Every structure is written in C-alpha cells, then in structure tokens.
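**Q** What shape does this take:
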Amino acid sequence: MQYHPTRDQRNLAAMLEDALIAILPLERLHTQAGESETTWSELEALGLFGLSLPESEGGSGLGAAEEVLAAAALGRRLANPCVFARLGAAHARRGRGRLPAGPVSVAFAGGSGPIAVHDPLAHIVLVREPDGAALYELSGEDRAAIDSPWLDRLVRLESLSEPLATFDDAGLLRLRLIDAAALAGVADAALRAAVAYAGVREQFGRPIGSFQAVKHHCADMAVRTREALDLSTFAAVAIDQRRPEAAFLVDSAFVSAATAALFCAGKNIQIHGGIGFSEEADAHLALKRTRLLTAIGGGLEPTLERLGAVADLSSAAPPRAWAME
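**A** Numbering: from 1, shown residues only. Here you go, the predicted model:
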C-alpha cells in the first residue's frame, strides 16, 4: 500500500514551485487585492488548472496526489482563494457543457447570505455550503461590496440563478483536500519566513535563532507543518487508490493543516517581534490567508464533528460516485 506521492510526482511539484516563485511574489500582496490578469494568464499557461481534467478535455489527466502538491505550492506563495476555487472547479459535474475559461470567485456561508472573495475578472462563482457546493454565473446585480479586513475584495451575493454545475461526494472530497493542501502550504510559508528572519535578525550580538526559546518555536512550527503536509499527501494517495477511509483522512488533513497554519502564522509574527505586527511586513499576510481559507473550507468545528461521528473507520464507505465509475 502506497502512503506518499512518488518521486516523479514530487519532481513535477518542485518544477511547478520554481515557476510560481516568479509568478506569485509575496510583494504583490501589499499593492493589489487579487491576482492580476497577467498572473491568471501565466497560471493558465502552466497547465495548473487542467491537472486533473481528462486528456479528452484538454487536461493532463493526473490524480489527487499531483493536485495536492500543486495546491500546497500555491499555498506557500499565499495565492488568492480564487486560484484554489479555479483549481477545484475542475471537479464539478457539468450539466451544460464546458465551463468558460478564466478566474472563478469563491463564496462561503455568511450570517445573512454567501460572502464571496470576488475577482473582477471572474464571471463564475464557486459557492461553498456546509453540505454541498455549486458553480453559478455572476452578474453585476448579484453582489454588493462590503468592508473587508482581509487582503481581498469581499462582496455579499444577493441573488443567484440556477447552478451551472454541482459537486457530488467525490467532487466535494477534492475541494476539501485542496483546502487542506492550501493551508498546509501557508503553514510552510510562515515557517520558512520565521526561520529566515531568525537567521538574520541579531540581538545581543548574535542571531535570535541561536536562542533556545526561538529554536523551540521554530521546531514546533516545523513538526506541525510536516504533519499537515504529510497528512494532506497521504489523503491524496488514499483518494487515488479509492480507499474507503479517504474521506476521514481528508477531514483529518484539513484539521491538521488549519491548526498548523494558525499556529505557524502566529509564531511567525511573534518571532518577527515589533515589525511582525506592522502592515508593511509580510508576517500578517499568512494569518489573514489562514483565517479566510479556513472559513471557505467550512471551519474547524463542522469538520471535527464529522470526524467524531466516525465510530469505526473499518466500516467507512467510499463516496457513492466511486461505486458508479
């Protein structure tokens, strides 16, 4: 039984990550609310959004393992949530032909209606609900701007037409897996930033990374990040192998990744000291991404409830869609 992606899959992800460093520099987050049109074009040119599409539809026909590694790489670059929505849209059950190319906004449940992370270039929105998800067309009348403490444009969706496409159990599983991988990538980004800063910031004539308290923080961050990344890839391999415990592993990965990202983002700010609390620094960016991605994924409490409801993992059933294939 396989537990981790193969070397070829990891090499593919490493090549993708190298390309993303130039496409998604962290400095962009200080000057723009969403990804630029050029960025979307470059991501499309990488073949990123066709990783899991069948070759008959112009995709690469790859599996969950490749997709989760790509999502983690995007998380390390603190990609806009709309990028992950575009990645997940490939798993919708389309009833009215192909979806238009281009950005996809993403919405999650709010107090008085869905709240969307809006990309002005998007004509489609992926609406995430506690028990489902669907893709809808967007128009100017659908949304009203709201004040946002986040990095991104937030709007409240006021009316939606009939869905363009919906997600079955297998599709929802892939959306949650992308959520987990994205958060694991954010945790890794915070860890790397903290370690880099601890190596150059000096106090009392020596780098602060040489002090035991800072070492312990970095070690705790590393352990949590490794757990989140490994559990995300483990869940992806379970999906590719159609194992019945895949849904349990995906939810476990989401909890691990969300808590790791929150912990690492907080410790990164702490290790940066006074500058870590400033808007000019990068440290706060990971925390904001973590909060928003966790909300889009449905939050920790519903996920923990699903995990708690599994009394016997040996009796877990795979998604119904797998049985129909």
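**Q** okay, how far is it across stretch 127-136, tip to tip?
**A** Taking CA to CA, to the nearest Å, stretch 127-136 runs 8 Å from one end to the other.
**Q** surely G88 meets L173?
**A** No - G88 lies out of contact with L173 (CB atoms under 8 Å); the separation is 10.7 Å. From N, CA and C alone the C-beta is placed, and that goes for glycine too.
**Q** and those two? which has more neighbours close in?
**A** Using other CB atoms under 10 Å as the criterion, G88 and L173 rank with G88 on top: 29 against 24.
**Q** which residues touch that one?
**A** Contact analysis of G88 by CB atoms under 8 Å, 6 or more residues apart in numbering lists L126, R174, L175, I178.
**Q** and if you look at C218?
**A** Contacts of C218 (CB under 8 Å, 6+ apart): L191, A194, V195, A198, G209, K267, I271.
**Q** Following the longest helix seen in the chain in sequence, what is the next regular element?
**A** If you go by DSSP state H, the chain has its longest helix at helix 169-200. Downstream of helix 169-200, the first helix or strand assigned by DSSP states H and E is strand 202-203.
**Q** Can you give the strand pairings for that next one, parallel or anti for each?
**A** Applying DSSP bridges to the sheet, strand 202-203 is found paired with strand 206-207 (antiparallel).
**Q** if we can go back for a sec, tabulate the contacts of C218 (JSON lines), appending neighbour count, pLDDT and distance to L78.
**A** Output for those, formatted as JSON lines (neighbours: other CB atoms under 10 Å; pLDDT from 0 to 100; distance: CB to CB, whole Å):
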{"residue": "L191", "neighbour count": "27", "pLDDT": "98", "distance to L78": "13"}
{"residue": "A194", "neighbour count": "27", "pLDDT": "96", "distance to L78": "15"}
{"residue": "V195", "neighbour count": "17", "pLDDT": "97", "distance to L78": "17"}
{"residue": "A198", "neighbour count": "20", "pLDDT": "95", "distance to L78": "20"}
{"residue": "G209", "neighbour count": "19", "pLDDT": "90", "distance to L78": "23"}
{"residue": "K267", "neighbour count": "22", "pLDDT": "97", "distance to L78": "17"}
{"residue": "I271", "neighbour count": "23", "pLDDT": "95", "distance to L78": "18"}
